[in-house]
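**Student:** just to be clear, the model below is a prediction. Sequence and coordinates:
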Amino acid sequence: MCNATDNRIALVGIIVENTNQTEALNALLSEYGDYIIGRMGLPYRNRNMNIISVVMDAPNDQISALSGKLGMLDGVSVKTVYSRVEG
């Protein structure tokens, strides 16, 4: 884990339309668990999808890596919002 002064706060918004990807998604979130400070998941049963918010305190490269890996999962959409302040 890097020095906290090199870290940024980010909100990773995830929409899971292919619920078969849940296991792979959870494995990735566990892999980056040291950087995750909060997570909220909402099942939207009317549309058979899940909406997940993940808050991270991590180096920019770790945030980007997780976002990229999640976005490569079939049926998973990801958008990341970064804090303006570094460190």
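**Tutor:** In hand now; what should we look at? For clarity, every value in this text was computed on a predicted model and none was experimentally measured.
**Student:** Ala58: how many residues sit nearby?
**Tutor:** By other Cβ atoms under 10 Å, 23 other residues sit near Ala58. Just so you know, the C-beta spots here come from the backbone N, C-alpha and C atoms, and that holds for glycine as well.
**Student:** so what's the residue lying closest to it once chain neighbours are set aside up against?
**Tutor:** Among residues not flanking Ala58 along the chain, Tyr35 sits closest, at 3.6 Å (Cβ to Cβ, 6 or more residues apart in numbering). By Cβ atoms under 8 Å, 6 or more residues apart in numbering, the residues touching Tyr35 are Met1, Met56, Asp57, Ala58, Gln62, Ile63, Leu66.
**Student:** so what's the fourth one bridging to?
**Tutor:** Legend: beta-bridge partners of Ala58 under DSSP bridges are Arg8.
**Student:** list the contacts for it?
**Tutor:** By Cβ under 8 Å, 6+ apart, Ala58 lies in contact with Cys2, Asn7, Arg8, Ala10, Tyr32, Tyr35.
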